[in-house]
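Peer 1: starting from these lines, generate the structure:
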Amino acid sequence: MTTANTPYSHLATLMAQYSEQRTTGSVVDYKDYASLQRELQALDLKEGAQDWGSIWALVDTYLKYSVKTAHPQYFNQLWAGQSEPALVGSVIESLANTSMYTYEVAPVATLIENEVLSRFRSVFGFASGEAQVTTGGSNSNYLSLLLALHKKFPELKQQGLNNLPNVAVFVSAEAHYSMDKAMVMSGIGLDSLVKVPVDETGVMLMPELEALINQSILDGRVPVSIIGTAGTTVRGAFDNFTRIAEIAHAHDCWFHIDGAWGGGVAFSAQTRTLLAGSEMADSLSWDGHKMLGVPLMCGVLFVREQGHFDRVCNLGDTSYIFHSGAERQDLGPYSLQCGRRVDMFKMWLEFVYYGEQGLEARINHFMQLSELAETIIKDEPTLELQSTRWINNICFRSKHPDTINANDFNKTVRERLYQQGQSLVNIAYLGDDLTIRLIITNKDVTEQDIRQFFQNWLACAASVEEELLQCA
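Peer 2: Here you go, the predicted structure:
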């Protein structure tokens, strides 16, 4: 038994065993909520027991019933897989237990973060601007809205919302829900969020955007920000950034791009053109833990001009932590947070290990697999593609007899595959139609894994259809 003073050797062994098993067997050993709750209660753990045996029992149970997000049949979210160099970085982050607010406590980490962000500013076309590490896309999108409001209304910093006019913020009808949350958290409210219709491929319609801006002005509102999307959550669609930039400039609006998911296409020459015009945005959010696959979390907000983070985040009496003469070495004053993890260390190890060519090859690999998935769907008479494929989001569903409800049928197939631990894929809605949203973002997934997914799906769909027809 591992003693209380030496847990690390056991931890190393456990990590090695889990890493070997994470791609084999079932995606998940599924139990419903009540059953899993009973399983945990059966451990009969005593608080304060100071017993490493109890700790490892809980860890074993946690890993046993957790979803294997590195499994080649996990296609559920906008992140998946496991990168070994970045995993090492993530472990070292916790081992060193450093916080990223001052150079004094994070000297190496500060230099690394500045270097990584400098590299990535150039990748995304913000070389002369600034960048800040965030907890992810939701946090970045919220911060971008704060930057937009404070640029438009400098008096907001002192006076708050009291004298603020009615405002309007414009987003795609298929934008991420974090924009709704940002409106609430900023205090300007959901009534100020204007959702712009999209075309049949998921792209924001420019004539409708202009019409809605003009209508908001007639209604006495002040347009503040337009948010475009690089890779919408469901379809993976890219808005027309060049045209949005022109409209935003004409109406003195902050132009933000939510590229948390699709921004990763910047790392490949084959896909980079999807971001055409993004360099004209005032800000862009991107998550390294999504398409590039570093461990959660690893978000960045890029800003085209310097000084915006300082205006919104550098506040209050901080003499206890940010000492005289060190401000420009300290990163804390320009962050929405105070304490935060050294997330760019794992990103840096990823970059050092794979290099730009390795990251480009990864993005290209995802696109090749996505093209294969699209071809399989088009060639299979019982499947149908429900939307244009932009990147590595594939929206499809099984066809069905007229006597069976399409949404219920496809949802049942998805749930059964999940509960049986065969494959885990997500659902979404395009209007009233349920769609199966297949996301390919695990660097270790192969063509055979994609074919296996569709074999699993088709076999399960045939079984469910037979059962439903017998019950009809």
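Peer 1: now G228: which helix or strand?
Peer 2: Under the criterion of DSSP states H and E, G228 resides in strand 222-229.
Peer 1: for the record, mean pLDDT for that strand?
Peer 2: The average pLDDT for strand 222-229 rounds to 98.
Peer 1: packing partners for it?
Peer 2: For strand 222-229, the packing partners by 3 or more C-beta pairs under 8 Å, 6 or more residues apart in numbering; DSSP states H and E come out as helix 137-152, strand 167-172, helix 206-218, helix 241-250, strand 254-258. All C-beta atoms are positioned from the backbone trio N, CA, C, and that covers glycine.
Peer 1: try 6 Å this time
Peer 2: Here strand 222-229 is seen to pack against helix 137-152, strand 167-172, helix 241-250, strand 254-258 when contacts are counted using 3 or more C-beta pairs under 6 Å, 6 or more residues apart in numbering; DSSP states H and E.
Peer 1: pull the number of nearby residues for Y354.
Peer 2: 18 (other C-beta atoms under 10 Å).
Peer 1: quick check: I436 is in a strand.
Peer 2: Yes: under DSSP: H, G, I helix; E, B strand; the rest coil, I436 sits within a strand.
Peer 1: where in the stretch 1-150 of the chain is pLDDT low?
Peer 2: Applying pLDDT under 70 to the stretch 1-150 of the chain flags residues 1-5.
Peer 1: helices of that one, residue ranges please.
Peer 2: Assigned by DSSP state H, counting those that start in this stretch, the helices in the stretch 1-150 of the chain fall at 8-21, 33-41, 52-65, 84-96, 107-123, 137-152.
Peer 1: for F366, which non-adjacent residue is spatially closest?
Peer 2: N392 (4.5 Å; C-beta to C-beta, 6 or more residues apart in numbering).
Peer 1: what angle sits between the top helix by length along the chain and helix 107-123?
Peer 2: For the chain, the longest helix by residue count, based on DSSP state H, is helix 343-379. Relative orientation of helix 343-379 versus helix 107-123 (axes from the mean of the first three to the mean of the last three C-alpha atoms, to 10 degrees): 40 degrees.
Peer 1: packing partners of whichever helix or strand comes after helix 343-379?
Peer 2: Counting by DSSP H and E, the next helix or strand C-terminal to helix 343-379 is strand 383-385. Other helices and strands packing on strand 383-385, by 3+ C-beta pairs under 6 Å, 6+ apart, are strand 393-398.
Peer 1: can you list the residues that contact the strand it packs on?
Peer 2: With C-beta atoms under 6 Å, 6 or more residues apart in numbering as the test, strand 393-398 has contacts from 235-236, 373, 377, 382-383, 385-387, 410, 435-438, 461.
Peer 1: what subset of the residues you listed is buried?
Peer 2: 235-236, 373, 377, 383, 386-387, 410, 435-438, 461 (16 or more other C-beta atoms under 10 Å).
Peer 1: pick out the most distant pair among these.
Peer 2: Largest separation among those by C-beta to C-beta: G236 and A461, giving 23.6 Å.
Peer 1: state the distance from the residue lying closest to G307 once chain neighbours are set aside to L117.
Peer 2: Setting aside the residues directly before and after it, G307 is nearest to E130 in space (C-beta to C-beta, 6+ apart), at 7.9 Å. Distance, E130 to L117, using C-beta to C-beta, to the nearest Å: 8 Å.
Peer 1: what of H308?
Peer 2: On the measure of C-beta to C-beta, H308 and L117 end up 15 Å apart.
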